[in-house]
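S.K.: Can you look at this prediction? I've put the sequence above it.
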Amino acid sequence: MFRAETIQRKHMLKIYIWAYCLFVMCGTVCFEVALFNSGMVVQDQYKLRNSGFVHGYLKEHLVAILNSAYALMILVGNGFSVVLPGYYCFVCCCMKTFFLHFVGESRILIARQDYRRILEIYKEMNETMIMMDNFMNLPIFGFSSKYLNNSLLVRLQFCIHAKC
């Protein structure tokens, strides 16, 4: 039963991540449209096109470079200020849900003294954390998951030996 729920959660997690990415991408497009319709960009383009210091054939290239710079400014700014914190918050909330479910299942199984099943669930939790680590591709989560895994294993071993 837990295995099917885990697979379902992984699929839901992928759907939520895609929905979040789509939301952020739509927000980025809205920022881009708003920027290019703002007076600032139009005024800068007007200054470049009417400048007497730049040759005629170079003006359109400089306007294209200016537009690219504004677009990249929005993409990079949006990437650092919206995407990364939101993504990490999202992943942390999902992992918190997984761990709360693990703790709830563990309490029930410890009461039944079904320690083998607890270790199977723990193995599935490790697989989920490995999937998260591979998906995130940043070492910070790898370090935190390593220490979190070790602390969970120590607690689980303590409960098994102490017969909680």
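M.R.: Done, it's in. Numbering: from 1, shown residues only.

S.K.: Next, the buried residues of the lengthiest helix in the chain.
M.R.: What stands out as the longest helix in the chain, according to DSSP state H, is helix 2-36. Buried residues in helix 2-36, counted by 16 or more other CB atoms under 10 Å: 6, 10, 13, 24, 28, 31. C-betas here are computed from N, CA, C, even on glycine.

S.K.: Please apply the same query to stretch 36-48.
M.R.: Across stretch 36-48, burial judged by 16+ other CB under 10 Å covers 41, 45, 48.

S.K.: Mind giving me the packing neighbours of the longest helix of the chain?
M.R.: helix 56-78, helix 84-112, helix 115-136 (3 or more CB pairs under 8 Å, 6 or more residues apart in numbering; DSSP states H and E).

S.K.: What average pLDDT does the shortest one get?
M.R.: When you say that, I think you mean helix 115-136. Throughout helix 115-136, pLDDT has a mean value of 75.

S.K.: which helices and strands does it pack with?
M.R.: Looks like helix 115-136 contacts helix 2-36, helix 84-112, helix 139-162 (3+ CB pairs under 8 Å, 6+ apart).

S.K.: Can I get it in CSV, CA atoms only?
M.R.: The C-alpha trace of helix 115-136 is given here as CSV (Å, rounded to 0.1, in the frame of the first residue of the first chain):
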residue,chain,number,x,y,z
TYR,A,115,10.4,-3.4,12.1
ARG,A,116,11.0,-5.0,8.7
ARG,A,117,8.2,-2.9,7.2
ILE,A,118,9.7,0.3,8.8
LEU,A,119,13.0,-0.4,7.1
GLU,A,120,11.2,-0.9,3.8
ILE,A,121,9.5,2.5,4.2
TYR,A,122,12.8,4.0,5.2
LYS,A,123,14.3,2.6,2.0
GLU,A,124,11.5,4.2,0.0
MET,A,125,12.1,7.5,1.8
ASN,A,126,15.8,7.3,0.8
GLU,A,127,14.8,6.7,-2.8
THR,A,128,12.6,9.7,-2.6
MET,A,129,15.4,11.8,-1.2
ILE,A,130,17.8,10.6,-3.8
MET,A,131,15.2,11.6,-6.5
MET,A,132,15.0,15.0,-4.9
ASP,A,133,18.7,15.3,-4.8
ASN,A,134,19.1,14.3,-8.4
PHE,A,135,16.3,16.7,-9.4
MET,A,136,17.8,19.7,-7.6
